[in-house]
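**Q** could you work out the structure for the sequence below:
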Amino acid sequence: MKYWLVKSEPFKYAWDKFVADGETFWDGVRNYQARNNMKAMSVGDQVLFYHSNEGMEVVGIAEVSAAAYQDPTTDDERWVVVNLKPVKKLKKPVTLATMKETPELENMSLIRQSRLSVCDLSKEEFKLVVKMGS
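**A** Residues are numbered from 1 along each chain as shown. This is a model prediction of the structure:
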């Protein structure tokens, strides 16, 4: 199992909308590194859901429910989507500021590559953020 973080601006697609939908395909990724991360996702991988720009915090846990396939919003074969489904909302959001202050997270992709919309995580990073949100 692998661990990931995806970013969404709440005004475009918030956690509550994700929960209401029950499942979604993660589209709109137009960065090669983020795309490659999505291609590396497998069904069952765990994903932190991060509200970017507004809030700047991890708010929930999702799971990959379908591996990468052609992005249906474009004819360009270079781009893919994965399906995600919500697992649970964190009891308390974990802010970017808090993560930056946590030495064990200093190498986290979210912190090192702040503009990357789909980031890989180590198992330890994932578990620590989840624990911080409990």
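
**Q** now do the buried residues in the worst-scoring helix or strand of the chain on mean pLDDT.
**A** Across the helices and strands of the chain, mean pLDDT, DSSP states H and E gives its lowest value to helix 109-112, namely a mean of 94. Along helix 109-112, these residues count as buried under the neighbour rule (16 or more other Cβ atoms under 10 Å): 109-110. For glycine as for every other residue, the C-beta is placed from the backbone atoms N, C-alpha and C.

**Q** what of stretch 75-93?
**A** So, applying 16+ other Cβ under 10 Å, buried residues of stretch 75-93: 79-86, 89-90, 93.

**Q** using CSV, write out every CA atom in that stretch.
**A** Taking only C-alpha atoms (Å, rounded to 0.1, in the frame of the first residue of the first chain), the coordinates of stretch 75-93 have been written out as CSV:
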residue,chain,number,x,y,z
ASP,A,75,-8.8,14.0,-25.6
ASP,A,76,-5.1,14.5,-24.8
GLU,A,77,-3.9,10.9,-24.0
ARG,A,78,-1.1,12.2,-21.7
TRP,A,79,-3.5,12.9,-18.8
VAL,A,80,-5.1,10.5,-16.5
VAL,A,81,-7.5,10.4,-13.5
VAL,A,82,-8.0,8.0,-10.6
ASN,A,83,-11.2,7.4,-8.7
LEU,A,84,-11.3,8.4,-5.0
LYS,A,85,-13.8,7.7,-2.3
PRO,A,86,-14.0,9.4,1.1
VAL,A,87,-13.1,7.2,4.2
LYS,A,88,-13.4,9.6,7.1
LYS,A,89,-13.1,13.2,8.1
LEU,A,90,-10.4,14.1,10.6
LYS,A,91,-11.7,15.2,14.0
LYS,A,92,-9.5,18.3,13.7
PRO,A,93,-7.9,19.7,10.5
